[in-house]
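Undergrad: Quick one: sequence plus predicted model below, questions after.
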Amino acid sequence: MENKFERSLVLLKPDAVDRGLIGEIITRFERTGLKLAGLKLVWSDKDTAMQHYTEDLAQRRGQHVRDMMIEMITSGPIVAMAIEGVEAVAVVRKMVGETEPKSAAPGTIRGDYAHLSFKYADENKVGVFNLIHASSSPEEAEVEIAVWFNDFELQNYKPAYTKHTLVEKN
């Protein structure tokens, strides 16, 4: 059996922090059996935001979009999390929902707690306040986690419940 444990970066953006949704969102991840490997409240500086929202974003969506996203992520405190579990990236992405809140399905984090559209953001020249960021691939997660966490900030522990619910190979 292949070991599918992986980590995903999750950022609770300033709008999630402002609205007091931190505990509720973390609880949703913990209830699935995912575990926190790293957790901190930070206020991103522009350099860190630029490492997160890379030139790739500017190439795909335009420099103005990258600039708006950097402005949004630096507008207030965020919660950075490294979340670990079996195929964690895919599980987290499914729980988070579509990037555009108005398109996110009910039951997802964005579908339950946000409603803004790309159109609204474009018309108002602001980044999309969609509560949360989640890595889109295991490779991206590795790079993103390194932007937000030092190695010593990440914990490796085995929750007691895994002895009975998950098979883990060392």
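TA: Okay, I see it.
Undergrad: Tell me where this structure has strands.
TA: 5-12, 35-42, 78-86, 132-134 (DSSP state E).
Undergrad: got those as JSON lines, with mean pLDDT, mean neighbour count and distance to Thr108 columns?
TA: For glycine as for every other residue, the C-beta is placed from the backbone atoms N, C-alpha and C. Converted to JSON lines, these look like this (pLDDT from 0 to 100; neighbours: other Cβ atoms under 10 Å; distance: least, Cβ to Cβ, whole Å):
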{"stretch": "strand 5-12", "mean pLDDT": "96", "mean neighbour count": "24", "distance to Thr108": "13"}
{"stretch": "strand 35-42", "mean pLDDT": "97", "mean neighbour count": "16", "distance to Thr108": "20"}
{"stretch": "strand 78-86", "mean pLDDT": "96", "mean neighbour count": "23", "distance to Thr108": "16"}
{"stretch": "strand 132-134", "mean pLDDT": "97", "mean neighbour count": "24", "distance to Thr108": "10"}
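Undergrad: Select, out of the ones you listed, the one closest to Thr27.
TA: Judged by Cβ to Cβ, the one of these that comes nearest to Thr27 is strand 35-42, at 11.3 Å.
Undergrad: pLDDT averaged over stretch 156-170 - what is it?
TA: Averaged over stretch 156-170, pLDDT sits at 64.
Undergrad: Repeat that for stretch 14-33.
TA: pLDDT averaged over stretch 14-33 gives 96.
Undergrad: which residue packs closest to Gly38, ignoring adjacent ones?
TA: Distances taken as Cβ to Cβ, 6 or more residues apart in numbering place Ala82 nearest to Gly38, at 3.7 Å, with adjacent residues excluded.
Undergrad: what sits against the one you found?
TA: Arg7, Ser8, Leu9, Val10, Leu36, Ala37, Gly38, Leu39, Ile145, Trp148, Phe149, Leu154 (Cβ atoms under 8 Å, 6 or more residues apart in numbering).
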